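Visitor: here is a sequence together with a model predicted from it:
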Amino acid sequence: MKRYHTALTIAGSDPSGGAGLQADLKTFSALGVYGSTAVVAVVDENTAGVYGVHPIPVEFVKGQIRSVLSDVGADAVKIGMLHSRELILGVLDTLREYPLLRDIVLDPVMVATSGDPLLLPDAAGTLASQLIPYSRVITPNLPEAELLLGHRIAGQSDFEDAARALSGTGGGKVSVLLKAGHLDNAELTDYFYNAESGEMLRLTSPRVVTANTHGTGCTLSSAVAALLARSYGLNDAVRGAKKYISDAIKAGADYQIGIGHGPVHHFHRWWK
């Protein structure tokens, strides 16, 4: 029998479909990967804002992960926002039951678009000290990188040092894709530090002026996971994910979904 490439997303839901596990599943599908989910929270959300979060009990999240990995399996795992210390440790303990699973991509969601923190201080510390070192790749944006490092990143000229320093928070073994979307530059240059080879990649794309940027972080990290699931090398997976999100933003720029920040066009290769 033939088998699919598979990926598991451990994330919260977005009923408007642009972010969270819905964006992850769309990305997996667009990149040729069969997706499964472990839901950590049901979110009351649309393109205009977040109105409520209903956390799923930690033991139930752990059960979902075990049910998927013991049956469907996963060639890679993407992890989104984990809102508490208990949940972070529960997810980590469960993943450790499957030691052959090493392609783990963590999007360290710590700060809302409004600037409000999404994790309690003890949860942020646990994320940094426990889950980041267990991951293969992390994909922080600028505010998240500053929180993890404990100091300001002045601008693009600091990105290379910051990416290496972020790898150091994971014991020097975790690779870091530091995203530039929060800068005002006309071109966006993300920095990728490959901790396995010591290489530093600079990934540049033109900035697209659009309100449709909801779920870009979720989409990029799940694209990296999808391409790792398809056995891409680490550098090629990150390059491919960067191209995918850049094309998805460009293709979705002129559409209107909702009254706020709409989604990117996950299936831009297939339909308009």
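Guide: Right, received. Where do you want to start? Residues are numbered from 1 along each chain as shown.
Visitor: now Gly171. Its backbone dihedrals?
Guide: Backbone torsions for Gly171, taken as degrees, to the nearest 10, come to phi 80, psi 10.
Visitor: residues in contact with it?
Guide: Pro133 (CB atoms under 8 Å, 6 or more residues apart in numbering). C-beta: built from backbone N, CA, C; applies to glycine.
Visitor: I'd like the distance between it and Ala74.
Guide: 24 Å (CB to CB, to the nearest Å).
Visitor: distance across stretch 145-158, terminal residue to terminal residue?
Guide: By CA to CA, to the nearest Å, the extent of stretch 145-158 from end to end equals 12 Å.
Visitor: tell me, how many residues neighbour Ala226?
Guide: Ala226 has 32 neighbours, counted by other CB atoms under 10 Å.
Visitor: renumber starting at 371 from here on
Guide: Taking 371 as the first residue, the last one we looked at is Ala596.
Visitor: which helix or which strand is home to it?
Guide: Here Ala596, judged by DSSP states H and E, is contained in helix 586-599.
Visitor: next, the buried residues of whichever helix or strand comes after that helix.
Guide: Following helix 586-599 in sequence order, the next helix or strand is helix 604-622 (DSSP H and E). Buried residues in helix 604-622, counted by 16 or more other CB atoms under 10 Å: 604, 607-612, 614-616, 618-622.
Visitor: which residues of the stretch 371-520 of the chain fall in strands?
Guide: 376-382, 404-416, 419-425, 446-449, 474-476, 507-508 (DSSP state E, counting those that start in this stretch).
Visitor: which of those strands has the lowest average pLDDT?
Guide: Among these, strand 419-425 has the lowest mean pLDDT, at a mean of 89.
Visitor: adjacent strands (with direction) for that one?
Guide: Using DSSP bridges, strand 419-425 pairs in its sheet with strand 404-416 (antiparallel).
Visitor: which parts of the partner strand are buried?
Guide: Tyr404, Gly405, Ser406, Thr407, Ala408, Val409, Val410, Ala411, Val412, Val413, Glu415, Asn416.
Visitor: C-alpha coordinates for it, CSV please?
Guide: Provided in CSV are the C-alpha atoms of strand 404-416 (Å, rounded to 0.1, in the frame of the first residue of the first chain):
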residue,chain,number,x,y,z
TYR,A,404,-1.8,14.6,5.1
GLY,A,405,-2.6,16.6,8.2
SER,A,406,-3.9,15.6,11.6
THR,A,407,-4.6,17.7,14.7
ALA,A,408,-4.5,17.9,18.5
VAL,A,409,-6.7,20.8,19.6
VAL,A,410,-5.4,22.7,22.6
ALA,A,411,-8.0,25.4,22.7
VAL,A,412,-11.3,26.3,21.1
VAL,A,413,-11.1,30.0,20.2
ASP,A,414,-13.9,32.5,19.6
GLU,A,415,-12.2,34.6,16.9
ASN,A,416,-12.7,36.2,13.5
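Visitor: before we move on, back to that, by contact count, what packs against the helix holding Ala596?
Guide: Applying 3 or more CB pairs under 8 Å, 6 or more residues apart in numbering; DSSP states H and E, we find helix 586-599 packed against strand 376-382, helix 390-400, strand 446-449, strand 474-476, helix 604-622.
Visitor: for the fourth one, which strands pair with it and how are they oriented?
Guide: Put plainly, it is strand 474-476. Here, using DSSP bridges, strand 474-476 pairs with strand 446-449 (parallel), strand 507-508 (parallel).
Visitor: report the distance from the longest one to the chain centre.
Guide: Between the mean C-alpha location of strand 446-449 and the chain-wide mean there is a distance of 8 Å, by CA atoms, centre = their mean, to the nearest Å.
Visitor: surely Thr464 touches Val438?
Guide: No - with contact defined as CB atoms under 8 Å, Thr464 does not count as touching Val438 (10.4 Å).
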